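Asker: the following comprises the amino acid sequence and a computationally predicted model.
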Amino acid sequence: MKLYLSIIIFAISLSVSAQQATNFGLFYLNNMQHNPAAVGTNNNDIKMFANFRYQYFTVTDKPYRTLSAAVEAKVLKAKNNKHYFGVGGSFINDASGDGRYGVNLITVPIAYHLYFNDYNSLALGVAPGLYQRSIQPGAFTWQNQWTGIDFNTAIPGEDGINRVVDRFNLDAGLFFKHQTSVSNKFYIGASVNHILEQDLGFFAEDKLERRYVGQFGLSHRFELTRFGISPNVYAMIQGEHRNIIFGSNFDFYLIDPSRRTIFINPNIFSFGVYHRLMEGIILNFQFSFEGFTVAASYDSNINSMIPHSKSVGGFEVAVMYDLIVNKKQKFLY
């Protein structure tokens, strides 16, 4: 195969995959990953988050692997009101394919949270960062390496592709939250990612299209019971691509929070059922205790366009820790 034919085929595959967002099943645990205005909406002072997703291992020998990590904090709180800034850092690494095609996204979300009263707040956020695409051409085999029996990878291949392309990235969003307690709240957010539509082509122009995201979540504990529900909705539009997920978690409160202080967070066991529109069914389990949350999900593929998946989508695990740093004025009267 000639080099230019290899490049054309490779470029077509990249132009499709490059416009798709990462498919997290536990999307609601890290809202600032999709919307910079959500940074600092955690219940306590500092939140740390990490998750790992392994997807489509029945389709290819080089499955999709996605790793993300984030940290966020509340800073510069006003003395005479509840206004404050939320700041954080987020990292996503997505890798797949024989060419080890990878995407790295590093963002630094910053948001200002304006309180209308004790229960309602609105945040405006931006997230400058770095978007990078990379490939390892050495992982391919080429026509000149064919010996008539197999490929001799010791022979240099037709390596003519740029290996790394990185560009400045910018996201922005709005986030509204209403909260009366840790177990009774809801939020709604909207954001635009990749505002600059930067060119990420390896050898020809290939613009990264803007991504529009909407999100909604609710947490409600029924009075005089240990049972609650937490429905969540995520909707993404990027060019011709759509990713819509909706469903709910069902929460069982094992230990109540302290009534005198908020030093003790509730202990909650939760399981959830979600539907990725036209693509999959997602089941998850999570346990929260003393500010820690551990969660796992399984994404079953129902899309007939990918018959070789055998209905196997992806596995995902996540850990989160939301801790209290400043214990002053944490008593409830």
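Answerer: That came through fine. Numbering: from 1, shown residues only.
Asker: partner strands of the biggest strand by length in the chain, parallel or antiparallel?
Answerer: With residue count as the measure and DSSP state E as the assignment, the chain has strand 164-181 as its longest strand. Strand pairing for strand 164-181, using DSSP bridges, gives strand 120-134 (antiparallel), strand 184-193 (antiparallel).
Asker: can I get those in TSV with distance to Asp256?
Answerer: Every C-beta, even on glycine, is put in place using the N, C-alpha and C of the backbone. Listed next are the strands paired with strand 164-181 as TSV, based on distance: least, C-beta to C-beta, whole Å:
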stretch	distance to Asp256
strand 120-134	25
strand 184-193	13
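Asker: would you mind giving those strands as TSV with mean neighbour count added?
Answerer: TSV is the format used below for the strands paired with strand 164-181 (neighbours: other C-beta atoms under 10 Å):
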stretch	mean neighbour count
strand 120-134	19
strand 184-193	20
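Asker: indicate which one of those strands is closest to Met48.
Answerer: strand 120-134 (17.7 Å; C-beta to C-beta).
Asker: average pLDDT for that closest one?
Answerer: Taken as a whole, strand 120-134 has a mean pLDDT of 94.
Asker: beyond the least confident helix or strand in the chain by mean pLDDT, next helix or strand please.
Answerer: Confidence across the helices and strands of the chain bottoms out at helix 3-17, with a mean of 40, counting by mean pLDDT, DSSP states H and E. Helices and strands here follow DSSP states H and E; after helix 3-17, the next one along the chain is strand 46-55.
Asker: flag every buried residue along that next one.
Answerer: Neighbour-count burial for strand 46-55, counted by 16 or more other C-beta atoms under 10 Å, picks out Ile46, Lys47, Met48, Phe49, Ala50, Asn51, Arg53, Gln55.
Asker: could you do stretch 108-120 as well?
Answerer: Here stretch 108-120 shows Pro109, Ile110, Ala111, Tyr112, His113, Tyr115 as buried, counting by 16+ other C-beta under 10 Å.
Asker: what residues does that stretch touch?
Answerer: With C-beta atoms under 8 Å, 6 or more residues apart in numbering as the test, stretch 108-120 has contacts from 32, 36-41, 72, 74, 81-90, 121-129, 171, 175-180.
Asker: quick check: end-to-end length of it?
Answerer: 25 Å (C-alpha to C-alpha, to the nearest Å).
Asker: and for stretch 269-289?
Answerer: 9 Å.
Asker: how far is that stretch from where the chain is centred?
Answerer: Centre-to-centre, stretch 269-289 and its host chain are 15 Å apart (C-alpha atoms, centre = their mean, to the nearest Å).
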